[in-house]
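Peer 1: no sequence on hand, only this structure:
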Ligand code: TYD
């Protein structure tokens with residue numbers, strides 16, 4: 001079996017976790033060994049970096065520092081988990097990947113799409129996702145959902161303006177790569193969203 005790499009993207013609170021669980025069941029039924037990862041995180045080192053990135057006390061963090069920390073967490077995750085899994089024919093579903101950096105750091109923080117790709121090329125090597133689902137949600141709705149669930153982290157505490165740039169940035173990025181990135185309206189009922197994800201994966205698997 002050839003490995004498959006699927007990523008789930010979208011603004012904070014767009015419901016990625018729920019859909020990942022459903023997709024995991026589907027791919028398992030199809031006979032895949034499924035690995036689920038999340039970014040930033042997914043290895044001991046990457047989770048430690050996550051603790052630094054999302055710490056609410058580090059409000060002075062420079063955008064370049066932020067971009068490099070996300071890329072470092074990613075490099076370790078690719079080296080330790082994603083790369084070996086894909087190479088041994090497994091299915092990897094990642095909650096966020098390089099598109100998050102392109103949108104949050106490249107577009108919303110203004111560091112530039114090309115700069116973010118160039119820094120991240122060291123981290124991701126040849127492991128670009130086969131299929132990416134963008135759960136598209138208005139910024140206000142995402143933050144409202146998050147606030148009801150937990151204490152907000154450093155990124156979630158950013159202004160509404162920032163989160164609007166994130167939502168808009170994702171749409172822009174998806175338009176640049178319509179073959180890989182499938183946009184789904186995250187305000188739809190859970191099962192309807194899942195139906196679209198399933199058919200997107202089926203389409204890729206042929
Ligand atoms: P997380 O708790 O995983 O958010 P969510 O549950 O919404 O997925 O926190 C990750 C935060 O980091 C989220 O606000 C998005 C942001 N982020 C970036 O800014 N750049 C990145 O490269 C990644 C992976 C995440």
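Peer 2: It's in. Predicted, not measured: the structure shown is a model, and the values here were computed from it. Numbers count the residues shown, from 1 in each chain.

Peer 1: distance check, the residue nearest in space to the middle of the chain against the ligand.
Peer 2: When the chain is reduced to its mean C-alpha position, the nearest residue by C-alpha atoms, centre = their mean turns out to be residue 96, at 1.2 Å. Distance, residue 96 to the ligand, using C-beta to the nearest ligand atom, to the nearest Å: 4 Å. From N, CA and C alone the C-beta is placed, and that goes for glycine too.

Peer 1: can you check residue 206 too?
Peer 2: Shown here: residue 206 relative to the ligand, a distance of 29 Å by C-beta to the nearest ligand atom.

Peer 1: which residues does that residue contact?
Peer 2: Residues touching residue 206, when contacts are defined by C-beta atoms under 8 Å, 6 or more residues apart in numbering, are absent altogether.

Peer 1: pLDDT score for it?
Peer 2: Here the pLDDT value assigned to residue 206 is 89.

Peer 1: so which elements touch the lowest-mean-pLDDT helix or strand in the chain?
Peer 2: In the chain, the helix or strand scored least confidently by mean pLDDT, DSSP states H and E is helix 139-149, which has a mean of 87. The elements that helix 139-149 packs onto, with contact taken as 3 or more C-beta pairs under 8 Å, 6 or more residues apart in numbering; DSSP states H and E, are helix 160-176.

Peer 1: please work out which residues outside the helix it packs on touch it.
Peer 2: Counting by C-beta under 8 Å, 6+ apart, 9-12, 99, 102-104, 106-108, 113, 134, 136-140, 142-143, 181-183 sit against helix 160-176.

Peer 1: also within reach of the ligand: list those from those.
Peer 2: Of the entries in the contacts of helix 160-176, the ones placed beside the ligand under the rule of C-beta under 6 Å from any ligand atom are 12, 104.

Peer 1: burial measure for residue 146, as a count.
Peer 2: When neighbours are defined as other C-beta atoms under 10 Å, residue 146 has 18 of them.

Peer 1: quick revisit: mark which of the contacts of helix 160-176 are buried, thanks.
Peer 2: Buried by 16 or more other C-beta atoms under 10 Å: 9-12, 99, 102-104, 106-108, 113, 134, 136-137, 139, 142-143, 181-183, out of the contacts of helix 160-176.

Peer 1: no further questions, thank you.
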